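# predicted model follows, preceded by the sequence.
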Amino acid sequence: MKKIITRLAFLWVLLAAVSCENDMEAVMNLDKKATAVEEGKKINSLYSQDGHVKANLTAPTMLRHLAVPIYVEFNNGLKVLFYSDSLSVESTLTARYGKYFENDANIFLKDHVVVVNKKGERLDCEELNWDSKKQQFISNTRVRISTETDTLYGTGLISNQDFTDYTIMHPTGPFVVQDTTMLN
């Protein structure tokens, strides 16, 4: 009887050991997923080029996703001040969501994007992309530009990065076109 109990106990331990086997690759992947995001709070980041401060980004939180393609996500909004070489504010940008792609240094912004330049002209749109190679903002969504005297509407926009030179790709609404050739 004692031999039978001993053999059953040994068999039980052997079955328990075999059934509890972990797949090492699954464990490693689980560990990678757990560490694939870095988190930061109360972000304040300065961007400089050629020894000159060009922009200051502030955000309540930042998530840096380490899986390829690596990107930084501002899921609780962000604000960017763009500076001239003399450190005067050229324009400001705010959005409720932003995504910065590290490989190509491009930025995608969405959810109530607002850009205001030093002349007080204001761009409102739902999505805006910044192309770092061309140094310009691009939007394919509906846009509204408010100036001191007018409000312009349309779909699509291309602008330089300080929002002083912009073009609405498909304007809509009432427009007055002055034809200077008729004055001569």
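That came through, no problem.
# residue boundaries of the helices in the chain?
For the chain, the helices defined by DSSP state H occupy 2-19, 24-34.
# lowest average pLDDT across those helices?
Ranked by mean pLDDT, the helices of the chain end with helix 2-19 in last place, scoring a mean of 46.
# what stretches of the protein score poorly on pLDDT?
Counting by pLDDT under 70, the ranges of the chain that qualify are 1-35, 174-184.
# could you redo the last one with a cut-off of 80?
1-35, 132, 161-162, 173-184 (pLDDT under 80).
# quickly list what the residue nearest the centre of the chain is bridged to.
Central residue of the chain (Cα atoms, centre = their mean): Lys99, 1.7 Å from the mean position. Beta bridges link Lys99 to Glu73, Phe108, judged by DSSP bridges.
# and it, how far from Ser86?
As judged by Cβ to Cβ, to the nearest Å, Lys99 and Ser86 stand 31 Å apart. All C-beta atoms are positioned from the backbone trio N, CA, C, and that covers glycine.
# with Gly156 instead?
Counting by Cβ to Cβ - Gly156 and Ser86 are separated by 33 Å.
# who has more neighbours out of these two?
Gly156 (16 against 7; other Cβ atoms under 10 Å).
# does Ser84 really touch Asn117, like I thought?
No. Counting by Cβ atoms under 8 Å, Ser84 stays clear of Asn117, with 11.6 Å between them.
# overlap in contacts of those two?
Glu90 (Cβ atoms under 8 Å, 6 or more residues apart in numbering).
# neighbour count: the two, which is higher?
Shown here are Ser84 and Asn117; by other Cβ under 10 Å, Asn117 has more neighbours (21 against 14).
# bridging residues for that one?
Ser91.
# test my guess that it contacts Asp162.
Yes. The pair Asn117 / Asp162 is scored as a contact, 6.3 Å apart, by Cβ under 8 Å.
# what sits in contact with each of these two?
Contacts common to Asn117 and Asp162, judged by Cβ under 8 Å, 6+ apart, are 90-91.
# measure the closest residue to Leu78 other than its chain neighbours to Ser84 for me?
Counting by Cβ to Cβ, 6 or more residues apart in numbering, Leu78 lies nearest to Ala59, which is 4.1 Å off, once chain neighbours are set aside. Distance, Ala59 to Ser84, by Cβ to Cβ: 23 Å.
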